[in-house]
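In: Sequence plus predicted model, see below.
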Amino acid sequence: MAKMNKKTINKKANAPSQGEAKKLTSELRIDNLVDEVTYAQDIIDTVREPFIVLDGTFHVVTANVAFYRLFKDTKKNTEGTLIYKLGNNQWNSPELRKLLEDVLPKKKAFYDYEVNHVFPSIGQKVMLLNARRIDHKQLILLAIADITKEKELELLHERGEKRFRALIEKSADAIALVNPDGKVAYASPSTKSVTGYSVEEFQKLSNPFELAPPDDRKLVTQLFEQVLKKPGNNAEAVYRIKHKNGYHIWIESIMTNLTSDPNVHAVVLNYRDVTKRKELETQKDDFIGIASHELKTPVTSIKAYTQLLQRQFKQFGNEKATQNLAKMDAQLNKLNALISDLLDVTKIDTGKIVFNKDLFYFDTLISDTIDQMQLISEQHKITVKGTVKKDVFADRERIGLVLTNLLTNAVKYSPHADNVTALVSRDGNDVVVGVQDFGIGIPKESLSKVFERFFRVKTSKGDTYPGLGLGLYISAEIIKRHEGKMWVDSEPSKGSTFYFSIPIIGKRETNKLKTEDVEDEMKHE
Amino acid sequence: MNKKKILIADDDPAIKDALRQILEDEGYRVETTADGSSVTKMHKELPDLLLLDIWMSGIDGRDICRELKTHEKTKQIPIIMVSANKDTKGIAREAGADDFIAKPFEIDELLKKVEQHLRD
């Protein structure tokens, strides 16, 4: 439209007469004015924000489409009406009055004035008002932005953040954000209830592991460095720290590397006091240690009396009694093995198991162990296939225990068979021993569990076999500590073969135990 | 015939009794004590061999062993340590004992060890 006007001006200006020129000028003015108003109206109507124009006495001159849409009103009801009377006086608020009547006369404009007002027609709204005085036209432009939704979202967001903050701050677990250099960027209030140190004191530490005694510190620092290596890494550690009050407490902590998470940028350290639990564990271990020692004492004297009787009956030539006493002795060995298993499990769990490695002739261990087993297995004939013909460096007694466990299982789980085979061979630098039975076998789904603690095979009828479910677990741990391997082949109702392999020359045990641990050990026995 | 004398230091009466019978049957003279500390105070008539329990009430068998092994008069006495600990071997070695046997033991094995150390 503006373009056309320009053309008109140019054309007419080519040959203007005086009168024509005057008439043209006033026509042009009217044209321009109409254009201007239409132009303004176009803008006002297009703007999404509700908008009204008031005259000097606060009567509505015009309002835009968005205004009518928001306030569900009509042009007829609106134009020419006093703003306070609009929509059943819903604009008649002291706040608005103050703004229009007090603020505007002093200032030319006000911006983003937030009004929270209940409008009878549309309910409670949060509005952002912007107004400007246009003095030469005696008009006031009032723009009304409805920010109710944004406000609600903001509130929700704030509430969400408050909720998460409360979760972290009220949690009994202490939470810290640790920078890669070890500095504590954030510590939750529970820091105090766990460590005794205030948040400020805790943040002054060069790193959160400074409170741990040297040995523990070294361990947990290494772990922290491991976690630092890659975002997403996490680790769990149980270690001691010195409480502000001077005593040591046990801490269980979980570290998670969230350095690449833009919201966190740190390693999250989540920890709690587990002293009570550790004490109970120690009590349990001590108890098992003492109980097994106490149980072994009468087993020792009963076994001694049994063997004494055996010798005496033998002297008198009472074959039957001698044999029965030999059986009784074998049962005592079983009882002793059960007690030892209990103690071994505790030691394995606490990492206190000690191995006595020596050189011994492997084939002799095999034949000795099988001879002993044969004594108490009347039904099964145990045969050996293969030899090693080598001295092996290992804990003779415990490798013997593994073999005994495997043979005991082979006999136990093949009640309808009459033989068990021990397969002995060399494979490079390893000795490999397999114990094969022709019994009930193990269902496929249970194969991965047989080396777990307390696992016991169930038959298809749901029957279990006697035992603590510790034998294979202990065996596997013993073999693991010899840098060896243990595995099983099995087919239900055909039988199982359990294997283990250990290096012929095993590593010498580095005795990591300190005197204090040995003392502990003594108390357990 | 001059019978060899064996001292048993153990605080369990049944074990002492059974051991006494076994060893006496084999022709040894046996003395027993439950008081570990008395072992280090023997002066006249020292035993030819000591069967020493590691964990006795109130006293650590290892300390007794170490002490006996440092004294000129007693260091020649063979000491066999007896314990229910699977690491008896390591403990015995550490304390300077001549041998060890784990509880519960086989009589034959015990007698073999006793005989061997009395012969040496």
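Out: Yep, that arrived.
In: contacting residues around A:Gly495?
Out: When contacts are counted by Cβ atoms under 8 Å, 6 or more residues apart in numbering or on different chains, A:Gly495 touches A:414, A:417, A:436-441. The C-beta positions use only the backbone N, C-alpha and C, and glycine is treated the same way.
In: hmm, try it at 10 Å
Out: The contact partners of A:Gly495, by Cβ atoms under 10 Å, 6 or more residues apart in numbering or on different chains, come to A:410, A:413-414, A:417, A:420-421, A:436-442, A:489.
In: Which two of those residues have the greatest separation?
Out: Spanning the widest gap among the contacts of A:Gly495 are A:Thr421 and A:Ile442, at 17.4 Å by Cβ to Cβ.
In: End to end on stretch A:165-182, go ahead and measure it.
Out: In terms of Cα to Cα, to the nearest Å, the two terminal residues of stretch A:165-182 are separated by 23 Å.
In: what ranges do the helices span in the stretch 151-300 of chain A?
Out: Here the stretch 151-300 of chain A has its helices, by DSSP state H, counting those that start in this stretch, at A:190-195, A:199-204, A:214-228, A:275-315.
In: out of those, nearest to chain B?
Out: Set against chain B and scored by Cβ to the nearest Cβ, the helices of the stretch 151-300 of chain A come closest in helix A:275-315, at 3.6 Å.
In: May I see the buried residues of the helix or strand just after the closest one?
Out: Of the helices and strands lying after helix A:275-315 in sequence (DSSP states H and E), the nearest is helix A:319-349. Within helix A:319-349, the residues that qualify as buried are A:322, A:325-326, A:329, A:332-333, A:336, A:338-348, counting by 16 or more other Cβ atoms under 10 Å in any protein chain shown.
In: quick one: helix A:319-349 to chain centroid distance?
Out: Taking Cα atoms, centre = their mean, to the nearest Å, the mean C-alpha location of helix A:319-349 is offset from the chain mean by 44 Å.
In: Can you name the next helix or strand after that helix?
Out: Defined by DSSP H and E, the subsequent element after helix A:319-349 is strand A:358-361.
In: average model confidence for stretch A:435-450?
Out: Stretch A:435-450 shows an average pLDDT of 89 in the prediction.
In: go on, stretch A:197-207?
Out: Computed over stretch A:197-207, the mean pLDDT rounds to 93.
In: just the CA coordinates of that stretch, formatted as CSV?
Out: Once side chains and other backbone atoms are set aside, the C-alpha atoms of stretch A:197-207 remain, and they are given as CSV (Å, rounded to 0.1, in the frame of the first residue of the first chain):
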residue,chain,number,x,y,z
TYR,A,197,32.7,-32.8,61.1
SER,A,198,30.6,-29.9,59.9
VAL,A,199,30.0,-29.3,56.2
GLU,A,200,32.5,-26.4,56.3
GLU,A,201,35.2,-28.4,58.0
PHE,A,202,34.7,-31.3,55.7
GLN,A,203,35.0,-29.1,52.7
LYS,A,204,38.3,-27.8,54.0
LEU,A,205,39.9,-31.3,53.7
SER,A,206,42.3,-31.8,50.9
ASN,A,207,40.1,-34.8,50.0
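In: shaky segments in the stretch 251-400 of chain A?
Out: With pLDDT under 70 as the threshold, the stretch 251-400 of chain A has no low-confidence stretch at all.
In: With chain B instead?
Out: Chain B contains residues with pLDDT under 70 at B:1, B:36, B:43-44, B:86.
In: Spell out which residues of it are next to chain A.
Out: Residues of chain B that fall close to chain A, judged by Cβ under 10 Å from any Cβ of the partner chain: B:10-19, B:21-22, B:25-26, B:53-55, B:60-62, B:82-91, B:93-94, B:102-108, B:110.
In: Once you drop chain neighbours, what's closest to the residue nearest to the spatial centre of chain B?
Out: What sits nearest the mean C-alpha location of chain B, by Cα atoms, centre = their mean, is B:Leu51, with 1.1 Å. The shortest distance from B:Leu51 to any residue that is not its chain neighbour, by Cβ to Cβ, 6 or more residues apart in numbering or on different chains, is 4.7 Å, and that residue is B:Ile8.
In: mind checking how far that neighbour is from chain A?
Out: Here B:Ile8 is placed at a distance of 12 Å from chain A (Cβ to the nearest Cβ, to the nearest Å).
In: what's the burial count for that residue?
Out: Residue neighbour count, defined by other Cβ atoms under 10 Å in any protein chain shown, stands at 22 for B:Ile8.
In: what does A:Phe164 give?
Out: The tally of other residues near A:Phe164 (other Cβ under 10 Å) stands at 10.
In: Against A:Glu152, how distant is it?
Out: Taking Cβ to Cβ, to the nearest Å as the measure, A:Phe164 and A:Glu152 are separated by 19 Å.
In: Check which helices and strands the host helix or strand of A:Lys480 is in contact with.
Out: Following DSSP H and E, the helix or strand that holds A:Lys480 is helix A:471-481. Based on contacts counted as 3 or more Cβ pairs under 10 Å, 6 or more residues apart in numbering or on different chains; DSSP states H and E, the elements that helix A:471-481 packs against are helix A:319-349, strand A:391-394, helix A:396-412, strand A:485-491, strand A:495-503.
In: circling back to that earlier point, of the contacts of A:Gly495, which belong to strands?
Out: Among the contacts of A:Gly495, the subset assigned to strands under DSSP state E consists of A:420-421, A:436, A:489.
In: Sort out which of those residues are buried, if you could.
Out: Applying 16+ other Cβ under 10 Å to the ones in strands among the contacts of A:Gly495, the neighbour count classes A:420-421, A:436 as buried.
In: of those residues, closest to A:Ala476?
Out: The closest of those, once distances to A:Ala476 are taken by Cβ to Cβ, is A:Gln436, at 18.1 Å.
In: wouldn't that closest one be in contact with A:Val424 here?
Out: No. Look at A:Gln436 against A:Val424 with Cβ atoms under 10 Å: they stay out of range, at 11.5 Å.
In: Find residues that contact each of the two.
Out: By Cβ under 10 Å, 6+ apart, the residues touching both A:Gln436 and A:Val424 are A:Lys385.
In: hmm, back to that, now do the SS call for the residue nearest to B:Leu51.
Out: Under DSSP: H, G, I helix; E, B strand; the rest coil, B:Ile8 falls in the strand class.
In: The closest residue to A:Val274 other than its chain neighbours - how many residues pack around it?
Out: Nearest-residue entry for A:Val274: A:Glu252, 4.4 Å, with adjacent residues in sequence omitted and distances by Cβ to Cβ, 6+ apart. Using other Cβ under 10 Å, A:Glu252 has 17 neighbouring residues.
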